[in-house]
Every structure is written in C-alpha cells, then in structure tokens.
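1. sequence first, predicted coordinates after that:
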Amino acid sequence: MKFELQYTDPKSNARAGLITTDHGQIQTPIFMPVGTVGSVKAVHLHELKDDIKAQIILGNTYHLYLRPGLDVLEQAGGLHKFNGFDRPMLTDSGGFQVFSLTGIRKMKEEGVEFQSHIDGSRHMFTPEKVIDIERTIGADIIMAFDECTPGTAEYKYAKESMERTHRWLDRCWQRFQETEPKYGYSQALFPIVQGCVFPDLRRQSAEYIASKGADGNAIGGLAVGEPTDKMYEMIELTNEILPKDKPRYLMGVGTPVNILESIERGVDMFDCVMPTRNGRNGMLFTKNGIMNMKNKKWENDFSPIEEDGDSYVDTAYSKAYLRHLFHAQELLAMQIASIHNLSFYLWLVGEARKHIIEGDYTSWKAMMVKRVSTRL
C-alpha cells in the first residue's frame, strides 16, 4: 500500500491524498460504507459501485469468522471473490464487537474468550488468531487486535487497557511479519491508538503506534460515550503525533458534522453504520439538513428527496412516495434511504476534497456544518 499526500488546506490540517492498493486507488478524505457480514445492508453490488461510487468498503472480522466461516471464505478465494466487490476492502479486528459482548466474554492477557451471539458456542480471539483470520478474509487493509475502552472509563482502567492494546499490537505485528497474504496481493496492517479521553495516555499511545512505522494508523475508542468536544480534542492531540505521510483512520465516526470537523483536524478515512442504520429507520441526510421521512409533513410533498439535481441524488423518488413506503413497511424504503445516505456521505467527502484542493476548506466547512445539522 502507498499513500501520497497531495494537498493540505492552508488554514487548517485538512488533507487530500491518494491511497494505492492492489485492488485500486482511494482518494482521501474518504468515507467507507460498512459491509459487516460481507454486504452493505439493503444495497446491491452494482449500486454500491455505480450509484454510491464506493471506493472502499469494510468487512467485520468477528461476524465473518462466525458466519459464513473461514473455510467458506478460503474456498471462495477471499472476501473479494466471495461477494464480488473488486475494489479495496478493510477489515476491523473484531475487537469492538467482542468487547461489546458484556456478560458473555472473558478477557485474559492471552486474548478474549467469548460466546457467539448466534448459537452460544465458545471461541477465543488472540492477536495471532485475529491476524490469521484477517489473512483468510483477505482485505487490503487489516486492523490490529485492540481493546476498545469505553468513553466513560476511569484513568486506571484506561491506562491498563491501553498498555494491553500495545502488548497485543506487538504480537499482531510479529504474526503479520511472519505470515504471508493468501491470495496473491498485498495487505497493510494498521495499528490503533487508544487512551480514552486522557491526553497523556493518548500521547503515549500515539507515540507507540507511530513508532511501528506502519503503512497507516487508526484512532480508536472515540464516539463511544465521551463528549463531542473531548473527541475533537483527542483527534487534534493524536494527529499532532501520528506521521503526516501516512493515512489516518478515525474508526466508527460518525455524523456529517463529525466528519467535517475531523477532516479539518487531519483525518483521512472514516466509517460508520449511521447512514445505513439511520436510513433504515427513516432518517435521511441531505446537503440542506436532516429529514425524518416518517413525519406527516412529507405526506403531500411530491418534490424530489433532494431538489437541486446533485449527481448523488436519484430524483425518481418523491418525499411523499418514500414516506408512503416507510409507513407501508416496504423493504424498498430501506433500500432507497440507504443508497441515498451513503451517496450523500460519499458526495460530502468528495466535496471536502475539492475544497481542500481549492484552498477554501475552512470557510466551506463552516457553511456546510450549519446546513447539514439543520432539522428539516
């Protein structure tokens, strides 16, 4: 994997770059749709590529390990061959999912023992096993196994958790170095900065992660219950330390405003389930604000969902029609909303990139933050 830093905004830390993988290039800043079990919910492959214009998508190690399982994925030739997506992919390590299984997981220095949420069967994730699983899944970018600390954690726990993440990273790094990709193309391993909301821990973690010299670095453990201003503070602090010539991936964040603010602070890559999850529940994100498509106010509104003809908009559907579909509990409602929201997110980061290149990102961002946070 290669990263070229192409432009930097003159009035902020916003960056535009180019990531090159064996499955294609990714223009940054970028939003990555979440394809948890090998599919982005309610979205066809051709829509993902042609309509949404996704340059890279995510798969989830925990879920893919449980179902369809490693044997099926290896027989298929990896996740790219299994689901037909021939562009870059990233897999998380499953750490967030495992640690969210409160009550059915047990953490040890060796790793984490957990019960499947599907059938209750017992499994063990160690740093070494996670790297082996991610080799079998075959994503272009794979994540180190970490402990995702809650945003409300006390200092002592956050410190112990961060130190464990660093020890696990050493084991991930060694396993990665002593194994090879399985399907004839290269993989890049990203370590993850932790440290909760404590500045000294975040600095310590960022320095440790940067010392590995990885192809890219991730910022984890944010948007997990901490105040938004704390999240932005930790991003700024971390990005002061992480190398400028490597991509920075903020995991699991977030709203359109979160993304715009984080781009200004030097983040290059994002993922979040919000555009699809909220879309399936009737919330649409648009360039003029947020709409609840179940509201009665749209009942007789026959105008397009987005009215000014942007390329990411399918103007075939009116607000009234989409509201009708949600109230009729038609599956098409979830599909239209998911495609729209993902298309908007990809449009938003594309516009951010354009304004970084033009040198007016900060003024454009200030205007867009007001617009996209408006409730319509």
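-> Perfect, thanks for sending it.

2. contacts and neighbour counts: CA atoms only from here.
-> Will do.

3. show me the contacts for the residue nearest the centre of the chain.
-> Centroid-nearest residue in the chain, with CA atoms, centre = their mean: residue 271, separated by 1.8 Å. Residues in contact with residue 271, defined by CA atoms under 8 Å, 6 or more residues apart in numbering, are 31, 32, 33, 34, 58, 250, 251, 252, 253, 254.

4. and residue 327, how far is that from residue 370?
-> From residue 327 across to residue 370, the span is 30 Å (CA to CA, to the nearest Å).

5. can you check residue 195 too?
-> 31 Å.

6. neighbour count for those two, which is higher?
-> residue 195 (32 against 12; other CA atoms under 10 Å).

7. ok, back up a step: so what does the residue nearest to the centre of the chain have for phi and psi?
-> phi -150, psi 150 (degrees, to the nearest 10).

8. residue 20 now?
-> phi -120, psi 120.

9. please enumerate the helices of the stretch 101-250 of the chain.
-> Using DSSP state H, counting those that start in this stretch, the helices found in the stretch 101-250 of the chain span residues 127-137, 155-177, 199-210, 228-241.

10. pick the most deeply packed of those.
-> Most buried of these by mean neighbour count (mean count of other CA atoms under 10 Å) is helix 127-137; its value is a mean of 24.

11. can you get me a residue count around the closest residue to residue 15 other than its chain neighbours?
-> Nearest non-adjacent residue to residue 15, counting by CA to CA, 6 or more residues apart in numbering: residue 8, 4.5 Å away. Other residues within reach of residue 8, judged by other CA under 10 Å, total 19.

12. can you pull the contacts of residue 8?
-> Per CA under 8 Å, 6+ apart, neighbours of residue 8: 14, 15, 16, 356, 357, 359.

13. one step back: bridging residues for the residue nearest to the centre of the chain?
-> Partner residues in beta bridges with residue 271, using DSSP bridges, are residue 32.

14. quick one: residue 9 and residue 298, what's the gap?
-> Taken as CA to CA, the span from residue 9 to residue 298 is 39 Å.

15. redo the contacts of residue 271 as JSON lines? Include neighbour count and distance to residue 260.
-> Below are the contacts of residue 271 laid out as JSON lines (neighbours: other CA atoms under 10 Å; distance: CA to CA, whole Å):
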{"residue": "31", "neighbour count": "27", "distance to residue 260": "11"}
{"residue": "32", "neighbour count": "21", "distance to residue 260": "15"}
{"residue": "33", "neighbour count": "28", "distance to residue 260": "17"}
{"residue": "34", "neighbour count": "25", "distance to residue 260": "19"}
{"residue": "58", "neighbour count": "24", "distance to residue 260": "21"}
{"residue": "250", "neighbour count": "27", "distance to residue 260": "12"}
{"residue": "251", "neighbour count": "18", "distance to residue 260": "15"}
{"residue": "252", "neighbour count": "20", "distance to residue 260": "14"}
{"residue": "253", "neighbour count": "22", "distance to residue 260": "11"}
{"residue": "254", "neighbour count": "20", "distance to residue 260": "10"}
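
16. narrow these to those in strands?
-> Those of these mapping onto strands are 31, 32, 58, 250, per DSSP state E.

17. of all these, which comes closest to residue 39?
-> Nearest to residue 39 among the ones in strands among the contacts of residue 271 is residue 58, at 9.0 Å by CA to CA.

18. test my guess that that closest one contacts residue 36.
-> Yes: counting by CA atoms under 8 Å, residue 36 is a contact partner of residue 58 at 6.8 Å.
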